[in-house]
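Model the following, please.
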Amino acid sequence: MATKRRLAREESSVVLADEQVAEFKEAFELFDTARTGSIKKDTLKTTLKQFGVFVTAEQLDEMFAEGDATKTGAIGFPEFMGMMSRRMKQTCNETILTNAFKTFDPEGRGYIPAKEMSRILTTYGDRLKENELAELLNVTENENHEVKYDLFINLMFAKK
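A predicted model of the protein is given here:
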């Protein structure tokens, strides 16, 4: 049975199996071609793609700044592992939210009536305030008074 490791950074709260740590280490070493123990920004995007994480140039800049806490222009393995695990956690949360919304979309169209979305967001879990709901619906509601929940989820996880 695989043992698990908890990352040191508190905000991560992701437990990684030894196999995942080994995959991260393998990817890190693959792109650390100079064997310096760190990777540069230009190789980070390629590494992310290998793990199915696709980012914009702006997101890449933010991630690199997050990982390069020492401002050396490079990211070491511990920082790389923490950064990647946080991205995996976000992807997991997005999947959970998508599956939750699918329960309100029995036809599988990818849309929920705005009225139903309003009821969900003001009744369940962390309830939205009216002004928060109005702001989200203003951006996500279409002319048929429906919300495409993939768009909604993307907005929820977008960095401010």
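
Looks to me like residue 112 is in a helix.
No - using DSSP: H, G, I helix; E, B strand; the rest coil, the assignment for residue 112 is strand, not a helix.

Make sure it is actually in contact with residue 102.
No - the pair residue 112 / residue 102 is not scored as a contact, 9.4 Å apart, by C-beta atoms under 8 Å. (Each C-beta comes from the backbone N, C-alpha and C, glycine too.)

more neighbours, those two?
Taking neighbours as other C-beta atoms under 10 Å, residue 112 and residue 102 compare with residue 112 leading, 22 against 13.

How about the contacts made by the nearest residue to residue 74 once chain neighbours are set aside?
Residue nearest to residue 74 in three dimensions, not counting chain neighbours: residue 38, with 3.5 Å by C-beta to C-beta, 6 or more residues apart in numbering. Counting by C-beta atoms under 8 Å, 6 or more residues apart in numbering, residue 38 touches 32, 72, 74-76.

Quick check: the gap between residue 38 and residue 70.
According to C-beta to C-beta, to the nearest Å, residue 38 and residue 70 sit 10 Å apart.

Residue 49 too?
The gap separating residue 49 from residue 70 is 25 Å, by C-beta to C-beta.

do residue 126 as well
Applying C-beta to C-beta to residue 126 and residue 70 gives a distance of 35 Å.

would you turn the contacts of residue 38 into a markdown table with pLDDT?
Compiled in a markdown table, the contacts of residue 38 are given as follows (pLDDT from 0 to 100):
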| residue | pLDDT |
| --- | --- |
| 32 | 82 |
| 72 | 87 |
| 74 | 89 |
| 75 | 89 |
| 76 | 89 |
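
Can you tell me which of those residues are classed as buried?
Among the contacts of residue 38, those classed as buried by 16 or more other C-beta atoms under 10 Å are 32, 74-76.

of those, closest to residue 62?
Residue 62 has its nearest neighbour among the buried ones among the contacts of residue 38 in residue 75, at 13.0 Å by C-beta to C-beta.

That closest one contacts residue 66, doesn't it?
No - under the contact definition of C-beta under 8 Å, residue 75 does not touch residue 66, with a separation of 9.1 Å.

and for those two, which residues touch both?
Counting by C-beta under 8 Å, 6+ apart, the contacts common to residue 75 and residue 66 are residue 83.

Would you mind listing the residues touching both of residue 112 and residue 102?
Joint contacts of residue 112 and residue 102 (C-beta under 8 Å, 6+ apart) are residue 149.
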